[in-house]
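>>> Compute the structure for the input listed below.
(2 chains)
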There are 2 protein chains.
Amino acid sequence: MMSVDGPVIRKIRLDLPHPTDTDHAGDLDRVLRGLKAQGIIGVQTPLSVVAGLSKILRTAEFRVTATVAFVPILTLLRLEPANTPSRNFGLAVDLGSTNIVGALVDLDTGATVGEHSMLNPQVEHGEDILTRTHFSQQPSNRKRLQVQAASAVSLIAAQLAIRLGISAGDICCISVSGNTTMTHFFLGLETYHLCRAPYVPVANYFPIVCASELSIDVHPCAPVIVLPNVGSYVGGDALAGVLVSGIHRHENVSLLVDIGTNAEIVIGNRDFLLVGAGSAGPGLEGGAVRHGMRAAAGAIERIAINPQTHAISYHVIGDGRPLGICGSGLIDLLAELFSTGIIDSRGKFLLPAKSSRVQLHDGIAEFIVAEAKDTATGAEICFSQPDIDNLMLSKAAMYTMLSVMTDAVGMSFNELDTFFLAGAFGAYITADKAVTIGIVPDIELSKFRLLGNSSLEGAKQVLLSVEALVEIKRIMSAITYVEMNESREFMNDFMAARFLPHTDLERFPSVRDRLGKR
Amino acid sequence: MMSVDGPVIRKIRLDLPHPTDTDHAGDLDRVLRGLKAQGIIGVQTPLSVVAGLSKILRTAEFRVTATVAFVPILTLLRLEPANTPSRNFGLAVDLGSTNIVGALVDLDTGATVGEHSMLNPQVEHGEDILTRTHFSQQPSNRKRLQVQAASAVSLIAAQLAIRLGISAGDICCISVSGNTTMTHFFLGLETYHLCRAPYVPVANYFPIVCASELSIDVHPCAPVIVLPNVGSYVGGDALAGVLVSGIHRHENVSLLVDIGTNAEIVIGNRDFLLVGAGSAGPGLEGGAVRHGMRAAAGAIERIAINPQTHAISYHVIGDGRPLGICGSGLIDLLAELFSTGIIDSRGKFLLPAKSSRVQLHDGIAEFIVAEAKDTATGAEICFSQPDIDNLMLSKAAMYTMLSVMTDAVGMSFNELDTFFLAGAFGAYITADKAVTIGIVPDIELSKFRLLGNSSLEGAKQVLLSVEALVEIKRIMSAITYVEMNESREFMNDFMAARFLPHTDLERFPSVRDRLGKR
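Numbering: from 1, shown residues only, chains lettered A, B, ... in the order given. Next up, the predicted model:
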């Protein structure tokens, strides 16, 4: 194998000698000899590629372009008569339980040349993963989930191909990052033991599969690389996050958190990596908030309340009228309601209300975020006491898990080098608002780093560097899993975190100082 | 990979620990860990095998039998709940243009537990390879030839499985030995350039293919290993012959010849291997002899003529009434007719006839081998002057090619260590009769070694030793091809060889001495 690192798929230009009376090498042998001359040895060739070889070689007068997959055994994927090194594409996929995002990557330049996302069609069988897992227990249903995921990836590939003016068959590799259950669904593997003690996946390292074997419509021999898992709770998406953050490469200890219903937290450096995962409840992704919604067009993602006038301003994704409030908007809203004294440190509305936007509805206090005349639905968007209570539970769980992880390594939050926020949620969060409500610790704001969709980014890196998969395997071997069960200590921490920002204000000096000034 | 040599397919008994709260290894990872503990690393697993893994492991309480293919990347072929090492079978196939022979091999003991042969169904599209090659130029016809060869192998596998009381799915590997055209047909590869200068095959080294990819009904993931070719004239069957003879391992120079319509001759030792191939004409395989036939039931394979009484005795394959005469019978017959003075050294009937069995039919002399009342058809089996003439041409061509090969290395026949006779024809030949007619040189009879079906035997060795394929590759790299074109020298040699045994009796001292005694 070529020893230098590079993209998973490489196009190799071959200018081969014609056969002669003294050179009877077979057509395939001739191609492999040409590759060997360029340092590429040990190449396997699917029969389907061998079958068309002779014609292509002669059509092109033995000047051809070979597409070689460097995973983990070199495979000769195709031979083209033309010189086509500029058409070397891979598809990176973030396989989320709600959204599937695909990025078309030019493997020669490393550039992302297109991105397309769609709703995961599996939501038809359950919004949440547990419902879908239950559904998948029937083999025919498992097959159905596999087909749906594959079709979605095919559709994304087709959309991107059309947009770029290429053929989907030009896509010669796919990398897929997702949590353990999603990747099992994707490969049609059973999840029965994944959700039962001792929570064992069918595979942590997945075999590399042909696109045609999964019925994905790209190049039929395209290798599909599914990022490995560490176990049932720590999937390829989390490993992608570590890869992208690079915390495993540095001397100083950093922390990486994927905020969401299921939160994964990694803390460590080049010597150790601790990972913990737990449920923060649905409050953060809008599931337990009446007007909560996913970060999609129509979602209020930023909210500010004027401390003097209590006038509200917000930003809607897509710039239209609002439909609801997404996670980052909810954090802003809670922080602003607290900062402006509309709610107290227990998260309860203060009466008499400081703002005319606070109203009682069937005896329950609520805050009008957008009036009926201003919304997309024509109904008010409001934030009620139960909504706040649910959000408070999730933020308390989140903070407690972060404390457990730093405690596990005997460090304080201030000692962290960098605090990475990953995931779709982490991409839009406003760090100072998150500190205000105490969902993240009160550390220097410059230490927060938003990673964006690190699951997708990690999948891209796997396409662009054959070493990336090796690095992920090194990360896996360095990881220790921390059980975050509901011990008495955990519960005490949790109860203390159910205040804004926390019962112990010494932990949030900047918030305390700001409140003091108010 | 396990470094010790052994069968291509090995059954590995695994007694794996159950998953626990502290051991969350994935099911596949657990299996691979168990294999690694036995020194087997780098194992690939097809998705179809991964899919059934979890259930099998739990059914068997984690005590399973893994079937691992050691070619050329280890593949985990299947996992069985039971301890089944005694059911480890491979199928070796000799893919002849007329007959396809399969041998079921117990890979643990090395024993051949069954053999079955059938007519190659491709003969429907031409008895000879050139007609079939012409037919195959249409892609749909090429596909047809592939399907026919695959079906024949499936049928042989099914027959052997039934006979052995196993399932065809228990056959986890197939090795196929055949000439270059036959193996191209088998894989559905085009042969257009194979029969046109400069005679280039699509591949000399074939990729290893899944049985399911060729639609062969054995274990779907069974690797199908097709023995490589050196070029268009020297196929995997010839390489199998060298492997089985072992001439490439010894210090002394030996010669190997596969007598037939298309003869391949290899001469060499551990330092060099020269190979030549040429056509000896159809006379030797019964094609140009009126009552000639293949060595099958009903064929007269041995003939003796009493020198005094000229009474004839013969042996029929299958012990029934004769249908015709196969190659070894023809050699015996020609030798006996010459030894008993019924024909002269030019191969012409002497008149007045020494035997009442010599008759004139439409002015052409012929020898009655079997009277009408004794044959299976109720018609005479006879051997006419034109039959003899055709046989003389073939034997002369054969001897000339043998001379060319020894001349090429500057050796006399007597200097050869061993003279191997391979192929179906070589299996039944009587060496002293072959010397008498001068189709082979007059050397010590103890130097002749009959190899039998070395094509099939080589295919078996490939199943039983992963080193055998490596050895074949070493043989290939040692081989130099000798062109046996029709030069003036060749033609002079050929003309001199058209006598019984040869114009130069000094070359056949033992025959000369015997004739002298007569």
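>>> Please work out the residue of the stretch 351-500 of chain A nearest to chain B and name it.
The nearest approach of the stretch 351-500 of chain A to chain B comes at residue A:481, 7.6 Å away (Cβ to the nearest Cβ). In this view, the C-beta of every residue, glycine as well, is placed from N, C-alpha and C.
>>> residues touching the closest residue to that residue other than its chain neighbours, list them.
Using Cβ to Cβ, 6 or more residues apart in numbering or on different chains and skipping residues adjacent in sequence, the residue nearest residue A:481 is residue A:275, 5.7 Å away. Residues in contact with residue A:275, defined by Cβ atoms under 8 Å, 6 or more residues apart in numbering or on different chains, are A:230, A:234, A:238, A:264, A:265, A:266, A:479, A:480, A:481, A:482.
>>> which residues touch the residue of the stretch 351-500 of chain A closest to chain B?
Residue A:481 makes contact with A:230, A:231, A:233, A:234, A:274, A:275, A:276, B:24, according to Cβ under 8 Å, 6+ apart.
>>> can you check residue A:19 too?
Residue A:19 makes contact with A:25, A:30, B:193, B:198, B:200, according to Cβ under 8 Å, 6+ apart.
>>> Quick check, the last one in contact with residue A:27.
Just to be clear, that refers to residue B:200. Yes - using Cβ atoms under 8 Å, residue B:200 is in contact with residue A:27, at 6.3 Å.
>>> Name the residues of the stretch 201-350 of chain A found near chain B, please.
A:201-207, A:209, A:213-214, A:229, A:231-232 (Cβ under 8 Å from any Cβ of the partner chain).
>>> mind listing which of the contacts of residue A:275 are in helices?
Under the assignment DSSP state H, the contacts of residue A:275 contribute residue A:238 to helices.
>>> Derive a ChimeraX selection command for the buried subset of the contacts of residue A:275.
Those of the contacts of residue A:275 that count as buried under 16 or more other Cβ atoms under 10 Å in any protein chain shown are selected in ChimeraX with:
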select /A:230,234,238,264,265,266,479,481,482
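>>> can I get the contacts of residue A:275 in TSV with pLDDT and distance to residue B:305?
As requested, the contacts of residue A:275 are exported to TSV (pLDDT from 0 to 100; distance: Cβ to Cβ, whole Å):
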residue	pLDDT	distance to residue B:305
A:230	87	83
A:234	89	86
A:238	94	88
A:264	89	92
A:265	94	96
A:266	96	92
A:479	92	86
A:480	90	89
A:481	86	88
A:482	84	94
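>>> Closest one to residue A:51 out of the contacts of residue A:275, please.
Comparing those against residue A:51 with Cβ to Cβ picks out residue A:230 as the nearest, at 40.7 Å.
>>> picking that back up, mind putting the contacts of residue A:481 in TSV, distance to residue B:374 included?
Listed next are those as TSV, based on distance: Cβ to Cβ, whole Å:
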residue	distance to residue B:374
A:230	81
A:231	80
A:233	85
A:234	84
A:274	92
A:275	88
A:276	92
B:24	79
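>>> Quick check: the residue nearest to residue A:481 vs chain B, distance?
Noted for residue A:275: a distance of 12 Å to chain B, by Cβ to the nearest Cβ, to the nearest Å.
>>> what separates the particular helix or strand that has that residue in it from the chain centre, distance-wise?
Per DSSP states H and E: residue A:275 is located in strand A:273-279. Chain-centre distance of strand A:273-279: 16 Å, with Cα atoms, centre = their mean, to the nearest Å.
>>> What residues sit buried inside it?
Residues of strand A:273-279 classed as buried by neighbour count (16+ other Cβ under 10 Å): A:273, A:274, A:275, A:276, A:277, A:278.
>>> Beta-bridge partners for the first one, please?
Residues in a beta bridge with residue A:273, per DSSP bridges, are residue A:268, residue A:479.
>>> same question, the last one
Using DSSP bridges, the bridge partners assigned to residue A:278 are residue A:263.
>>> these two touch, right, it and residue A:260?
No - assessed by Cβ under 8 Å, residue A:278 is found out of contact with residue A:260, at 11.1 Å.
>>> hang on, the earlier thing: intersection of neighbour lists for residue B:200 and residue A:27?
Listed contacts common to residue B:200 and residue A:27 are residue B:193; contacts here mean Cβ under 8 Å, 6+ apart.
>>> For the closest residue to chain B within the stretch 51-200 of chain A, which non-adjacent residue is closest in space?
Per Cβ to the nearest Cβ, the residue of the stretch 51-200 of chain A with the smallest distance to chain B is residue A:200, at 4.3 Å. Residue nearest to residue A:200 in three dimensions, not counting chain neighbours: residue B:19, with 4.3 Å by Cβ to Cβ, 6+ apart.
>>> What strands line up against the host helix or strand of residue A:383, and which way round?
Taking DSSP H and E as the criterion, residue A:383 maps to strand A:381-384. Sheet partners assigned to strand A:381-384 using DSSP bridges are listed as strand A:364-370 (antiparallel).
>>> Run the chain-centre distance for the partner strand.
Distance of strand A:364-370 from its chain centroid, counting by Cα atoms, centre = their mean, is 32 Å.
>>> can you tell me the average pLDDT over that strand?
Mean per-residue pLDDT for strand A:364-370: 94.
>>> Mean confidence (pLDDT) on the strand holding residue A:275, please.
Here the average pLDDT along strand A:273-279 is 89.
>>> Tell me which helix or strand comes right after that strand.
Assigned by DSSP H and E, the successor of strand A:273-279 is strand A:299-305.
>>> name the helices or strands packed onto the helix or strand following that next one?
With elements assigned by DSSP H and E, the helix or strand that comes after strand A:299-305 is strand A:312-316. Counting contacts by 3 or more Cβ pairs under 8 Å, 6 or more residues apart in numbering or on different chains; DSSP states H and E, strand A:312-316 is packed against strand A:299-305, strand A:364-370.
>>> deepest of these, which one?
Highest mean neighbour count among the helices and strands packed on strand A:312-316 (mean count of other Cβ atoms under 10 Å in any protein chain shown): strand A:299-305, with a mean of 22.
>>> Just the angle for that one relative to strand A:312-316, thanks.
160 degrees (axes from the mean of the first three to the mean of the last three Cα atoms, to 10 degrees).
>>> Longest helix of chain A, counting residues only.
Secondary structure of chain A per DSSP H: the longest helix is helix A:139-164.
>>> quick check, it touching chain B?
No - Helix A:139-164 is not in contact with chain B by Cβ under 8 Å from any Cβ; minimum separation 9.1 Å.
>>> what about the closest residue to residue A:399 other than its chain neighbours, how many neighbours?
In space, and not counting its chain neighbours, residue A:399 is closest to residue A:497: 4.4 Å by Cβ to Cβ, 6+ apart. The number of residues packed near residue A:497 is 26, by other Cβ atoms under 10 Å in any protein chain shown.
>>> and what of residue A:179?
Residue A:179 has 25 neighbours, counted by other Cβ under 10 Å.
>>> Go ahead and flag the most central residue of chain A.
residue A:455 (3.3 Å; Cα atoms, centre = their mean).
>>> Export only the CA atoms of whichever strand or helix holds it, formatted as CSV.
Residue A:455 belongs to helix A:454-464 when assigned by DSSP H and E. What follows is helix A:454-464, C-alpha atoms only, in CSV (Å, rounded to 0.1, in the frame of the first residue of the first chain):
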residue,chain,number,x,y,z
SER,A,454,-18.7,17.2,14.5
SER,A,455,-20.4,13.9,13.6
LEU,A,456,-20.5,15.0,10.0
GLU,A,457,-17.1,16.6,10.2
GLY,A,458,-15.6,13.3,11.6
ALA,A,459,-17.2,11.4,8.7
LYS,A,460,-15.5,13.8,6.3
GLN,A,461,-12.1,13.3,7.9
VAL,A,462,-12.5,9.5,7.5
LEU,A,463,-13.0,10.1,3.8
LEU,A,464,-10.0,12.4,3.5
